[in-house]
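In: Need coordinates for the below:
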Amino acid sequence: RKPFVVSPKADLSFNAGQINQANTDYAVSASSLELMGHLKYRMLSSNFSPYILAGPNYRIPLANRNNDAVPTNSDVAIDVGVGLDIPLIGFKMSPELRYSYGLTNITNSDAFSEKKQKKRN
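Out: Numbering: from 1, shown residues only. As a prediction, the model looks like this:
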């Protein structure tokens, strides 16, 4: 078994996010599609193996039904995390904890300005 593996993934993500500016909270669009290309390092050569991962993540925001939420732009992030490969009958389950550090400004400045004006009035 090779210790390094490229692990491409696509996730549908539902998060609860907020932006705080000038002591006012604004909800952000929470649903997104994430496309990742992680490099995974397996710590053991057996099927049941812990691993660490790192790599790029491209986040595409999806339509949100919450009209109070500030729409967001797509984002590029760097992910780091840990996980565990658990072999089961017919498939492998891999729970993981992952941290994403966004590299771009996700707020849509025009829509964010409109939300700020509505909150002030």
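In: For stretch 72-84, which outside residues touch it?
Out: 28-29, 36, 38, 40, 48-61, 94-108 (CB atoms under 8 Å, 6 or more residues apart in numbering). The C-beta positions use only the backbone N, C-alpha and C, and glycine is treated the same way.
In: So which of these are in strands?
Out: Secondary structure from DSSP state E places 28, 36, 38, 40, 49-61, 96-102 of the contacts of stretch 72-84 in strands.
In: which among the residues you listed end up buried?
Out: Among the ones in strands among the contacts of stretch 72-84, those classed as buried by neighbour count (16 or more other CB atoms under 10 Å) are 28, 36, 38, 40, 49, 51, 53, 55, 57, 59, 61, 96, 98, 100.
In: can you list these in TSV and add pLDDT and distance to residue 80?
Out: Below are those laid out as TSV (pLDDT from 0 to 100; distance: CB to CB, whole Å):
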residue	pLDDT	distance to residue 80
28	74	22
36	95	12
38	95	9
40	94	12
49	90	18
51	95	12
53	96	7
55	97	9
57	95	10
59	90	16
61	84	22
96	93	11
98	93	7
100	89	8
